[in-house]
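Colleague: Give the three-dimensional model of this entry:
(one chain, ligands or ions: 1)
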Amino acid sequence: MFSERVKSIDISGIRKMFEGAGPNAINLGLGQPDFDTPEHIKKAAIEAINSGFTGYTANLGIPELRLALCGKFEQENNFTVAPDEVIVTSGASEALHLALAALIDRGDDVLIPDPGFVSYSALTKMAGGSVVGVPLGDKLTLEPEKVNECITPRTKVLIINSPSNPTGTVQTKKDIKGLAQIAEDTGITIISDEVYEHFIYEGEHVSPAQFTDNVITINAVSKTYAMTGWRIGYAAARKEYIEQMLKVHQYIQACACSIAQKAALAAIEGPQDCVRDMCASFKRRRDILLEGLRAMGIKCVKPQGAFYAFPQVVDENAPQKLIKNGVIVVPGASFGENGKGHIRLAYSTSEENLRKALGVMERVLI
Ligand SMILES: Cc1ncc(COP(=O)(O)O)c(C=O)c1O
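Modeller: From the prediction side, this is the model:
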């Protein structure tokens, strides 16, 4: 009765982990900041409601937000786009869906990092494409040479995600350049998911759109401003991409939430010290977690960004054991074949919780 496309995808492994955990469990499973949305952003939403800004907006998104995003791309990401080359979506999730729906025909290959964010394979399959996992290198980053080895005449899209969920690693400028060159040489489109760009502790964020326009740049206010529930993301690309994505967006979404768009505008245009504070806090937590793991002899590539660590854990039952003992983690295999033998830890929780969780890990895993 149900479509093969939908039957071929699984319920997210991340959600599954929350079932069966006690109410007092320490949650290192959930990928969202534990901070509240800053006051000035909330205020903009309240003003939008009070002033009756509650109807549909332009399908692409409110013009002032798209204009502000053009400025953001120019200042922070070193590339220029016009307001009609930006679309506002319901989270980065919808932007990823629009990009894949616009590009993929049945039988097209999509190269995704393995391990990589869970939505990439599910959205590829829903769009009728075939998932080709590109194994990450020793530094848990996507290497241009490995990407080249995976390219066939059927390859249509390459997804990049730096800083990465689940590994927390950051691509070097050299590798981003190399990946952009592949897109230039082959005509493959890069989908660059940059939702963690503001949380980098070492290294730098580099957008491939600096080097090629065969790229759809995807981002969101979700993580940057602790706004995961507001559901505002955005994509920037050449007009021909946005025109096709807009058609899908019109019919599945009409427009992103009017109130949340005003809040996103306040976020982008407002003071950025809230972002710097969150970043400093995540860095401290990363250091606590990394030090704790190293002290136990658990191997972990140093995460340079986002708020995830992806340590190696030999015991296959480690996630279940930890959950039983009150620490929720996500099995690495949820992120692809090559995620096996790892667990993903989201350190977007208090320092106290992290120390407690490390204590449990020592008791249960060592
Ligand atoms: C790499 C990555 N991309 C996209 C998303 C989805 O973001 P949004 O909440 O804006 O849909 C997430 C959320 O966890 C993510 O980790």
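
Colleague: what sits against the residue in the chain that the ligand sits nearest to?
Modeller: Going by CB to the nearest ligand atom, the ligand is nearest to Gly91 of the chain, at 2.7 Å. For glycine as for every other residue, the C-beta is placed from the backbone atoms N, C-alpha and C. By CB atoms under 8 Å, 6 or more residues apart in numbering, the contact set of Gly91 is 220, 222, 231-233.

Colleague: so the nearest residue to Pro144 once chain neighbours are set aside is in which element?
Modeller: Nearest residue to Pro144, sequence neighbours excluded (CB to CB, 6 or more residues apart in numbering): Gly178, at 3.4 Å. When elements are assigned from DSSP states H and E, Gly178 belongs to helix 173-186.

Colleague: Who are the contact partners of Glu94?
Modeller: If you count contacts by CB under 8 Å, 6+ apart, Glu94 has them with 233, 249, 252-253, 256.

Colleague: after the host helix or strand of it comes which helix or strand?
Modeller: Element membership of Glu94 [criterion: DSSP H and E] is helix 91-103. Per DSSP H and E, helix 91-103 leads on to strand 109-114 as the next helix or strand towards the C-terminus.

Colleague: and the next helix or strand after that next one with helix 91-103, angle?
Modeller: Next helix or strand after strand 109-114 toward the C-terminus (DSSP H and E): helix 118-126. Orientation check (axes from the mean of the first three to the mean of the last three CA atoms, to 10 degrees): helix 118-126 against helix 91-103 gives 30 degrees.

Colleague: packing partners for helix 118-126?
Modeller: Applying 3 or more CB pairs under 8 Å, 6 or more residues apart in numbering; DSSP states H and E, we find helix 118-126 packed against helix 4-7, helix 91-103, strand 109-114, strand 130-135.

Colleague: I'd like to know which of the ones you listed lies nearest to Gly31.
Modeller: Evaluated with CB to CB, these place helix 91-103 nearest to Gly31, the distance being 11.7 Å.

Colleague: tilt between that closest one and strand 109-114?
Modeller: 150 degrees.

Colleague: hmm, back to that, quick one: the helices and strands packed on helix 118-126 as JSON lines, columns for distance to Ser51 and mean pLDDT too.
Modeller: Formatted as JSON lines, those follow (distance: least, CB to CB, whole Å; pLDDT from 0 to 100):
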{"stretch": "helix 4-7", "distance to Ser51": "41", "mean pLDDT": "91"}
{"stretch": "helix 91-103", "distance to Ser51": "24", "mean pLDDT": "98"}
{"stretch": "strand 109-114", "distance to Ser51": "42", "mean pLDDT": "98"}
{"stretch": "strand 130-135", "distance to Ser51": "45", "mean pLDDT": "98"}
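
Colleague: now, of these, which is deepest in the fold?
Modeller: Using mean count of other CB atoms under 10 Å, the stretch among the helices and strands packed on helix 118-126 with the greatest mean number of neighbours is strand 109-114 (a mean of 26).

Colleague: Can that one be said to contact the ligand?
Modeller: No - Strand 109-114 does not reach the ligand (CB under 6 Å from any ligand atom); its nearest approach is 10.0 Å.

Colleague: beta partners for Ala309?
Modeller: Beta-bridge pairing for Ala309 (DSSP bridges): Leu345.

Colleague: contacting residues for it?
Modeller: By CB under 8 Å, 6+ apart, the residues touching Ala309 are 168, 286, 289-290, 293, 300, 303, 344-345, 347.

Colleague: wouldn't Arg5 be in contact with Thr124 here?
Modeller: No - using CB atoms under 8 Å, Arg5 is not in contact with Thr124; the gap is 10.4 Å.
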